[in-house]
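Novice: Need the 3D shape of this:
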Amino acid sequence: MNEKHDFYMPAEWQTHERTIIEWPVKTSMCYPENHIQVLEVFTSIIKAIAEYELVTIIVNEESKRELLAYIEGIADMTDILVIPHNDSWARDNGPTFIISDHHDIMGINWRFNAWGEKYLPYDLDDDVAPILLELLKIPIVSVPLVLEGGSIHVDGEGTLLSTKECLLNHNRNPELSAQAIETILKERLNVSTIIWLNKGLYGDETDGHIDNIACFVKPGTVMIQTCHNPNDPNFDITKENLEILHHAIDARGRKLEIIEMPSPPVRYYKNKRLTLSYMNYYFVNGAIILPVFGEDAIETDIQAEAILKSTFPDRDIVTVPSIELIKEGGNIHCITQQMPRKTTHSLIYEHQK
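Specialist: Sure, this is the predicted structure:
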């Protein structure tokens, strides 16, 4: 049976109205002694994005003066909203935007529980999405499902990519079956096909977010970070994920083209393995903001930039050193959330049931 839906979740490469970022909160950091370095990386990312689109920065009242000092000189390319928040991962506690023919843009307010209650408190973060949407005068769609934006990726044509390790983890929605979660995703995002990878990158404290390991780069094409060292736990993980992708069929009946991205060298901080990923890049209007890691990763930094330039010849590839974010458990994609621009023509498709 065909059911016509009047909304869809746009692909990340479609035109943005703005990017949303939450300014860091020192008391929530894993390593508060690195606070200044983290603020400097945030500022570099904000400046890079602001060259291409508006950046809306959410800030706590007590940090507003600090923020203004860091973004001096680019104030005309940003706007600031004072919204109380616990932490600074806008991808995960921010809204997911969908486009409707009748209501233009709507925002999905998922539940947020700090990646399975790993960090407390998170009550302010759980309230960010509805407050933001109200301030932006965007209709709110509240969905009683714990979901972080970094756990899903869509092609804009009915296919969603995720990992079982995260989205089906019992620390998110223990009362729901896998089938129930699939049903909610299909109904709320207007997708008909979900491609499940089993695991994300080894050691990822988000329980395997998809945005660290794989994403669509266009309909029918997936880019995935792979590991070719058999002594690395990511070797088996990425081998299995490649096998899944090679056999997958998307919502339009296409077999997937697969582009491999190299893994950067393994790196530790205070005896903890860091989750380094080039896949945590971020689309902006006309460009891609790519995290790079320097030092022993210079060779793979160059390879990653070249792969993205070959894949997206019409986009600028802007590199930002982001190792300070990695130490805190995330990267460029994790701190950003795109708000799409309403298109002048309908992109609604027939949802297959």
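Novice: can we go C-alpha only for contacts and neighbour counts from here?
Specialist: Noted.
Novice: just checking, residue 46 touches residue 55?
Specialist: Yes - Residue 46 is in contact with residue 55 according to C-alpha atoms under 8 Å; the separation is 6.9 Å.
Novice: thought residue 14 was touching residue 340?
Specialist: Yes - counting by C-alpha under 8 Å, residue 14 touches residue 340, with 7.0 Å between them.
Novice: Low-confidence ranges, this protein, go.
Specialist: When the per-residue scores of the chain are filtered using pLDDT under 70, the ranges that remain are 1-5, 102-103, 343-353.
Novice: One more pass at 50, please.
Specialist: Within the chain, the stretches with pLDDT under 50 are 1-3, 344-353.
Novice: quick one: which of residue 14 and residue 340 has more around it?
Specialist: Taking residue 14 and residue 340 together and counting by other C-alpha atoms under 10 Å, residue 340 has the greater number of neighbours (22 against 19).
Novice: so how far is residue 292 from residue 153?
Specialist: To residue 292, residue 153 is 22 Å away according to C-alpha to C-alpha, to the nearest Å.
Novice: got it, and residue 176?
Specialist: Using C-alpha to C-alpha, we find residue 176 at a distance of 38 Å from residue 292.
Novice: With neighbour numbers in mind, choose between those two.
Specialist: residue 292 (24 against 13).
Novice: dump the residue contacts of the spatially most central residue of the chain.
Specialist: Closest residue to the average C-alpha location of the chain: residue 150 at 3.9 Å, with C-alpha atoms, centre = their mean. Neighbour list for residue 150: 91, 92, 209, 210, 211, 333, 334 [criterion: C-alpha atoms under 8 Å, 6 or more residues apart in numbering].
Novice: Show me the strands in the stretch 201-350 of the chain, by range?
Specialist: Assigned by DSSP state E, counting those that start in this stretch, the strands in the stretch 201-350 of the chain fall at 214-218, 221-226, 257-262, 268-269, 272-273, 282-284, 287-292, 316-321, 337-340, 350-352.
Novice: Quick one: these as JSON lines, columns for distance to residue 196 too.
Specialist: Conversion of the strands of the stretch 201-350 of the chain to JSON lines gives the following (distance: least, C-alpha to C-alpha, whole Å):
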{"stretch": "strand 214-218", "distance to residue 196": "11"}
{"stretch": "strand 221-226", "distance to residue 196": "13"}
{"stretch": "strand 257-262", "distance to residue 196": "15"}
{"stretch": "strand 268-269", "distance to residue 196": "29"}
{"stretch": "strand 272-273", "distance to residue 196": "25"}
{"stretch": "strand 282-284", "distance to residue 196": "22"}
{"stretch": "strand 287-292", "distance to residue 196": "25"}
{"stretch": "strand 316-321", "distance to residue 196": "29"}
{"stretch": "strand 337-340", "distance to residue 196": "22"}
{"stretch": "strand 350-352", "distance to residue 196": "18"}
